[in-house]
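Undergrad: I would like the atomic coordinates for the input below:
(one chain, ligands or ions: 3)
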Amino acid sequence: MVGGDILKIDVLVELKAKGINQTFTYLVPDIIMDKIKIGIRVLVPFGNLKLEGFVIGFNYNDVDYKLKSIIDIIDNEPILTKEMLELGKYISNKTLCNLISAYQTMLPRALKAKNGFNVNKKYVTYLKLLDNNYIPKNDKQKDIIDILKKNDAAKSTLVSISSSSVKTLLDKNIIMEVKREVYRINNDDIKEECKIILNSDQERVVKRVLECRNQFKPFLLHGVTGSGKTEVYMHIIDEIIKDNKEVIVLVPEISLTPQFVNIFKKRFGNMIAILHSGLNDGEKYDEWRKIINGEVKIAIGARSCVFAPLTNIGMIIIDEEHTDTYKQENNPRYNAIDIALRRAKTYNCPIILGSATPSIESYTRAKSNIYELLILNKRVNNTMPLVKLVDMKNEIRKGNTIFSSLLKESINKCLMSNEQVIILLNRRGYSTVITCKDCGYTIKCPNCDIPLTYHKSGNKLNCHYCDYITYKPNECPNCHSKNFSNLGMGTEKLEEEVKKEFKCKVIRMDIDTTSRKGSHERIINDFKNKKYDILIGTQMISKGLDFDDVTLVGVINGDASLNIPDFRSSERTFALLNQVAGRSGRSKKEGKVIIQGFNLDHYSIVMASKHDYIGFYNEEMNIRRLLKYPPYFNLTLIKISGLKYDDIYNESHKIFNYLKTNIKQSILLGPSNCNIPKINNKYYMQIIIKYKNTNLIMDSLRFINDKYRKDNKVNVDIDINPKNL
Ligand code: ADP
Ligand code: ZN
Ligand code: ZN
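TA: Numbers count the residues shown, from 1 in each chain. Ligands and ions are numbered 1, 2, ... in the order given. As a prediction, this is how the structure comes out:
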């Protein structure tokens, strides 16, 4: 054998030290040479360590230093397909993350390149008939043999007939044991025929999408709550899988309720793999294997399901496309919608982004024909719920601090006619924002139109976008009330108040009551089965739930989310109110919605009460244009953190000056303290860049990212198109 025949491979490994983002070349011992494929994991020596890494290529260059050999292979078949290897490079490029982090994020935990972690495969012992001519010696034996004549059966079932007979038959070699690897989750047997006939609007949407089934084509499906979007998706999926192609369906994590999942299971049975955070590592690994082994045609799941290793994709569906959680909030900061668009392009297939309240960015793309707009503007039952706004300033004067007279009356009416009520309290209102208790006024930044945050030290109000500072006034600048402090009531307190006020059964759904596995499901089922009259909750209850008997939705502090210091808070408020209103009157009975608050003439609330998305969109776009926010400008957020304030202060200013000299045609804000300037003894500052063309700033961002990668005093984190500021 000549020297050139020695096989060298490039292996990407993960080292905790952040600086490492490179591949290392290894030799392959002759005996496993045939087993090396690009995309498998191998075990390699690295200093004194043994590490797992991904084989990402063969290396044909001559090297003048001594190479080490790999120790062994881990996978027989690639766990990263060619498409995934490319996709990882794209993510690394677009989000400035290490290539290895990109690959790791695409895989379930059991398949990441890690050490000391193993998922046990699950086996079940089956019994198999060996001697077909055996004549049973008693009834029990006969029962067992009869079953096995038809098919192999699980040992546990046959043992329950008679364990001694099973033992005898085994001893005599009439039957034998076989171990089979099984999936932990099985969706067999529950398939039901679809009985729903689409209405003409739904029909039109399905037809249009299917016309484009063989080309890359992004659609924005704007369909009001209850317009039957889910039904539309399922009809489209049906057609695509008849064609022997595959479908990815992304839904927000909180929509992955058993209710939602069961609808799909009933329709598609064992054709689906479901990936969500409620599964343990073994279950996730099994669902992943079903996909890799080509046993399923549909992958349904939250954000990371966009990486489902399907290889013949014919359609991608993203439900509730406006949801923030499609963007990953930690490294790698990828947006699942971008990835989905890219995969749809790769497979030349359509992609549907669906929502009742499309994100401002998506709707703008639809208006400029980047996406094709499809509309469902009527509910299946043809009635939208009636929305009433109740100003709590007047109610407080009457002594109603929590429930307005109207809400009280309406709840009592519902309870009397045996109907159900949902009450939403979005308690995410930051207490660091100062609001007038009498008139609802909040002091905002004159430059950025977002609420100023209160800093106790120095009694100051501060804008965390642009660093504008002012003293906190002692009275409300609007109504001169001295009651100028922060609002605050959580769901737990509300539950107490509801129980005091109304004679009925109440259940609460929020992070605290749903932390245990299965509790989310239990609350929903109990409420659906009418064990409770009133469901109280945070935004968790606003999505996807479909209860026939809910005819009233009450919203407490409907304007509280406007006080979150983020330029998207109007958009989120509109979406939240729209979603929660959509829970009322979904079936035969007419629905009603009552929104209480202090600041109800804000356009996001007025438009939500009229179910007017376009009206909201137009108002919001005016503000976005005036204040240079997306979609008119792109944003990048640079966060600088560290243990010493002086360090982050100095480095923040260095970065700011570097950006100032190096990127033209952009607006730089900061450096300013973050909204929460100190967490866990670490200080945080930020710089915001507003710009038109991403390509013009990428080189500078990459330079900063590389420069601070190895810095041990400050940490610099770059978020391109952030969802939260
Ligand atoms: P969305 O996802 O737009 O909020 P869904 O798809 O959940 O709406 O539909 C709302 C309700 O209407 C569901 O209970 C669904 O089963 C029902 N539905 C949808 N389409 C039809 C139809 N064509 N005929 C009868 N009922 C339908
Ligand atoms: Zn006031
Ligand atoms: Zn400002």
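Undergrad: could you look up the SS state of residue 595?
TA: Applying DSSP: H, G, I helix; E, B strand; the rest coil to residue 595 yields a three-state assignment of strand.
Undergrad: tell me, how many neighbours does it end up with?
TA: 24 (other CB atoms under 10 Å). The way it works is simple: take the backbone N, C-alpha and C, and place the C-beta from them, glycine included.
Undergrad: can you name the residues bridging to it?
TA: On the basis of DSSP bridges, residue 595 is bridged to residue 389, residue 555.
Undergrad: ok, it - contacts?
TA: If you count contacts by CB atoms under 8 Å, 6 or more residues apart in numbering, residue 595 has them with 387, 388, 389, 390, 555, 558, 577, 605, 608, 609.
Undergrad: distance to ligand 2 and neighbour count for the residues you listed - can I get that in CSV?
TA: Below are the contacts of residue 595 laid out as CSV (distance: CB to the ion, whole Å; neighbours: other CB atoms under 10 Å):
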residue, distance to ligand 2, neighbour count
387, 25, 22
388, 24, 14
389, 19, 19
390, 18, 20
555, 21, 28
558, 18, 31
577, 23, 28
605, 18, 24
608, 23, 29
609, 23, 19
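Undergrad: now residue 263, nearest residue through space, not along the chain?
TA: For residue 263, the nearest residue in space outside its immediate sequence neighbours is residue 230; the separation is 6.8 Å by CB to CB, 6 or more residues apart in numbering.
Undergrad: and residue 348, by the same measure?
TA: Nearest non-adjacent residue to residue 348 (CB to CB, 6+ apart): residue 216, at 5.2 Å.
Undergrad: after the longest strand along the chain comes which helix or strand?
TA: Of all the segments of type strand in the chain, defined by DSSP state E, the longest one is strand 666-679. Later in the chain than strand 666-679, the nearest helix or strand by DSSP states H and E is strand 682-691.
Undergrad: and the angle for that following strand with strand 666-679?
TA: Between strand 682-691 and strand 666-679, the angle comes out at 160 degrees (axes from the mean of the first three to the mean of the last three CA atoms, to 10 degrees).
Undergrad: am I right that residue 75 is in contact with residue 40?
TA: Yes. Here residue 75 lies in contact with residue 40, judged by CB atoms under 8 Å, at a distance of 4.2 Å.
Undergrad: ligand 1 contacts on the stretch 451-600 of the chain?
TA: With CB under 6 Å from any ligand atom as the criterion, the stretch 451-600 of the chain comes near ligand 1 at residues residue 546.
Undergrad: can you pull out the strands in the stretch 451-600 of the chain?
TA: Using DSSP state E, counting those that start in this stretch, the strands of the stretch 451-600 of the chain run over residues 453-455, 460-462, 469-471, 484-485, 506-509, 534-537, 550-556, 592-597.
Undergrad: out of those, which is closest to ligand 3?
TA: Checking the strands of the stretch 451-600 of the chain against ligand 3 by CB to the ion gives strand 460-462 as the closest, at 8.9 Å.
Undergrad: tell me which residues of the closest one come out buried.
TA: 461, 462 (16 or more other CB atoms under 10 Å).
Undergrad: hmm, it touching ligand 3?
TA: No. Using CB under 5 Å from the ion, strand 460-462 never reaches ligand 3; the gap is at least 8.9 Å.
Undergrad: make residue 1 into 663 and carry on from there
TA: In the new numbering, first residue 663, that becomes strand 1122-1124.
Undergrad: what helices and strands are in contact with that strand?
TA: strand 1115-1117, strand 1131-1133 (3 or more CB pairs under 8 Å, 6 or more residues apart in numbering; DSSP states H and E).
Undergrad: quick one, which of these is packed in tightest?
TA: With neighbours defined by mean count of other CB atoms under 10 Å, none of the helices and strands packed on strand 1122-1124 is more surrounded on average than strand 1115-1117, at a mean of 19.
Undergrad: still on that earlier bit, may I see the strands of the stretch 1113-1262 of the chain organised as JSON lines, with mean pLDDT added?
TA: As requested, the strands of the stretch 1113-1262 of the chain are exported to JSON lines (pLDDT from 0 to 100):
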{"stretch": "strand 1115-1117", "mean pLDDT": "75"}
{"stretch": "strand 1122-1124", "mean pLDDT": "83"}
{"stretch": "strand 1131-1133", "mean pLDDT": "88"}
{"stretch": "strand 1146-1147", "mean pLDDT": "73"}
{"stretch": "strand 1168-1171", "mean pLDDT": "90"}
{"stretch": "strand 1196-1199", "mean pLDDT": "92"}
{"stretch": "strand 1212-1218", "mean pLDDT": "93"}
{"stretch": "strand 1254-1259", "mean pLDDT": "94"}
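Undergrad: out of those strands, which is closest to residue 1291?
TA: strand 1115-1117 (18.5 Å; CB to CB).
Undergrad: who in the stretch 1013-1162 of the chain is up against ligand 3?
TA: Neighbours of ligand 3 within the stretch 1013-1162 of the chain, by CB under 5 Å from the ion: 1107, 1109, 1110, 1125, 1127, 1128, 1130.
Undergrad: next structured bit after the strand or helix carrying residue 808?
TA: Counting by DSSP H and E, the element that carries residue 808 is helix 801-812. Sequence-wise, the next helix or strand downstream of helix 801-812 (DSSP H and E) is strand 815-816.
Undergrad: state the paired neighbours of that following strand in the sheet, together with their directions.
TA: Strand pairing for strand 815-816, using DSSP bridges, gives strand 785-791 (antiparallel).
Undergrad: now the closest residue to residue 817 other than its chain neighbours, which residues is it bridged with?
TA: Leaving aside its sequence neighbours, residue 817 sits nearest to residue 787 (CB to CB, 6+ apart; 4.3 Å). In this structure, residue 787 has the following beta-bridge partners (DSSP bridges): residue 841.
Undergrad: hang on, residue 787 packs against residue 839?
TA: Yes. With contacts defined as CB under 8 Å, residue 787 counts as touching residue 839 at a distance of 5.4 Å.
Undergrad: what's the overlap in contacts for these two?
TA: Here residue 787 and residue 839 have residue 817 as joint contacts, going by CB under 8 Å, 6+ apart.
Undergrad: show the contacting residues for the residue of the stretch 863-1012 of the chain found nearest ligand 3.
TA: The minimum distance from the stretch 863-1012 of the chain to ligand 3, using CB to the ion, falls at residue 986 (21.7 Å). When contacts are counted by CB under 8 Å, 6+ apart, residue 986 touches 1234, 1385, 1386.
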